[in-house]
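> sequence first, then the predicted structure, then my questions.
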Amino acid sequence: MKKSLVIILSSIAIITVVLITLGVLFNKNENEKQEGMTDVYSVSPTGEIAAVTYHKGQATIHLNGQEMMIQLPVERAIADMIFTEDGKKLAYVEQSKDLEGHNGSEIHLIDLDSLDAETIYTSADIITEIAFDPKNPDTLFYLQADDYTNYSPIASKHPHDFDIHSYDMKNKLHTKHTDFKKYSMGSLQVSAVKNSVYIQTNDDAYDETEEISFTSNDRIFEIPLDTPNETSVISSPVEAEDVYDFLLLPEKQTIIYQAVAGTGANGIFEYELFTFNWKTYKTEQLTALKESASKPVLGPDDKIYFMVDHEFGARTPDYHLYRVNQDGSDVEEVLLEPN
């Protein structure tokens, strides 16, 4: 009897080890299959373009499609990156592709001249976006999620419980500015004038439950850092659709944002860029590519740069960088082909 029990337990242990090994190998093989451009990019004040691509599963940062600045191991990913205000350095967020088992994040800073990189901040949680403060170049704001789960049995796991943080690189001081624990949060931008930041999140008055999250709408909010609970919606109060990625153009009192424009013949949503003027309350469609336009960024040439996924809805995305004039004219692809 004891011998049979030992055999059974040994068999279970062996099967468990085999399944774990197969799972690790499967994840490794899937990671190594990743190829092509991602939607992570940044445009510097001097016109340099940094973009993240995958080559045999390795996340790589290229400058202007040519110079390779950094390449990570196959199990690591780059969540976001942004140039410093003077365009001389590039900050990026590195984390594991397996967020469920490894939630930590690191923020690195690369010198564009020497290509020397340094780790400036490490977090035990998931940092998804970063943005420098135009008023203080030593301050880096970031969005951080404290949980990685799924709120529905049929949904994939994603980062949740978001809040706004900052890190003073000079004094090595971390500050948590909010205690929202938001279901989702994105498009972090920092005011160049006020002590405020801007984010995209759901309009549930910050008292959400799992059920409310699925019925609320995504809006653009101003968060005054001195009184973070006194938030205000700056996206159109009359438009019913959800607002996703956005770009503020304060001097023109305009927001450029991503929203659903329609549904294609294949039944897949088509995402376009729109403009909203908060003085006139006028909304106009900026792009009409009938695909998925996202991640708008203002370039030094006053054009709007953005990503387009030519295979939106498919298993593997196919990202391409585009730019357009602020009036919607002259849409063109920006070719970034690494050597």
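Okay, I see it.

> wait, what's in contact with residue 119?
Residues near residue 119 by C-beta atoms under 8 Å, 6 or more residues apart in numbering: 106, 107, 108. The C-beta positions use only the backbone N, C-alpha and C, and glycine is treated the same way.

> quick one, which of those residues are buried?
107, 108 (16 or more other C-beta atoms under 10 Å).

> tell me the one of the contacts of residue 119 nearest residue 190?
residue 107 (15.4 Å; C-beta to C-beta).

> residue 127 is in contact with that closest one, correct?
Yes. With contact defined as C-beta atoms under 8 Å, residue 107 reaches residue 127; the gap is 6.7 Å.

> overlap of the contact sets of those two?
Contact criterion C-beta under 8 Å, 6+ apart; residues shared by residue 107 and residue 127: 93, 142.

> I'd guess residue 230 is in a helix, am I close?
No. Per DSSP: H, G, I helix; E, B strand; the rest coil, residue 230 lies outside any helix segment and is coil.

> can you count the residues close to it?
The local packing of residue 230 (other C-beta atoms under 10 Å) involves 9 other residues.

> check what pLDDT the residue lying closest to it once chain neighbours are set aside gets.
Nearest non-adjacent residue to residue 230, counting by C-beta to C-beta, 6 or more residues apart in numbering: residue 224, 5.8 Å away. According to the per-residue confidence, residue 224 scores 98 in pLDDT.

> what does residue 8 give?
56.

> beta partners for the residue nearest to residue 230?
residue 196 (DSSP bridges).

> one more: residue 36?
residue 54.

> so how far is residue 311 from it?
Distance, residue 36 to residue 311, by C-beta to C-beta, to the nearest Å: 10 Å.

> overlap in contacts of those two?
Counting by C-beta under 8 Å, 6+ apart, the residues touching both residue 36 and residue 311 are residue 318.

> now do the buried residues in stretch 300-316.
303, 304, 305, 306, 307, 308, 309, 312.

> correction: stretch 243-262
Buried-residue list, stretch 243-262, by 16+ other C-beta under 10 Å: 243-249, 254-259, 261.

> how distant is it from the center of its chain?
The chain centre lies 16 Å from the centre of stretch 243-262; the measure is C-alpha atoms, centre = their mean, to the nearest Å.

> going forward, the N-terminal residue is numbered 22.
Let's use 22 as the start, then, which means that last one is stretch 264-283.

> mind listing residues that contact that stretch?
Contacts of stretch 264-283 (C-beta under 8 Å, 6+ apart): 207-208, 210, 212-214, 219, 221, 239-241, 255-257, 260, 262-263, 290-300, 306-307, 309, 311, 314-319, 325, 347.

> mind doing that once more with 7 Å?
With contacts defined as C-beta atoms under 7 Å, 6 or more residues apart in numbering, stretch 264-283 is touched by 207-208, 210, 219, 221, 239-241, 255-256, 262-263, 290-300, 306-307, 314-319, 325.

> quick check: residue 167 vs residue 193, distance?
22 Å.

> looking at these two, which is more packed in?
Neighbour count, other C-beta under 10 Å: between residue 167 and residue 193, residue 167 has more, with 15 against 9.

> and the closest residue to the more buried one other than its chain neighbours, what are its phi and psi?
Once flanking residues are discounted, residue 167 sits nearest to residue 182: 4.3 Å by C-beta to C-beta, 6+ apart. Main-chain dihedrals, residue 182, degrees, to the nearest 10: phi 60, psi 60.

> pull the distance from the helix or strand containing residue 165 to the chain's centre.
Assigned by DSSP states H and E, residue 165 belongs to strand 157-170. Centroid separation for strand 157-170 versus its chain: 11 Å, with C-alpha atoms, centre = their mean.

> who are the packing partners of that strand?
Applying 3 or more C-beta pairs under 7 Å, 6 or more residues apart in numbering; DSSP states H and E, we find strand 157-170 packed against strand 147-154, strand 179-189, strand 207-211.

> coming back round to it: wait, the residue nearest to residue 251 sits on residue 217?
Yes. With contacts counted by C-beta atoms under 7 Å, residue 245 reaches residue 217, the gap being 5.0 Å.

> returning to what we had before: any chance you could list what contacts the strand holding residue 165?
Against strand 157-170 from outside (C-beta under 7 Å, 6+ apart): 105-106, 112, 120-121, 124, 128, 144, 146-154, 178, 180-191, 206, 209, 211, 218.

> separate out the buried members of those residues.
By neighbour count, with 16+ other C-beta under 10 Å, these hold 105-106, 112, 120, 124, 128, 144, 146-154, 180-188, 190, 206, 209, 211, 218 as buried.
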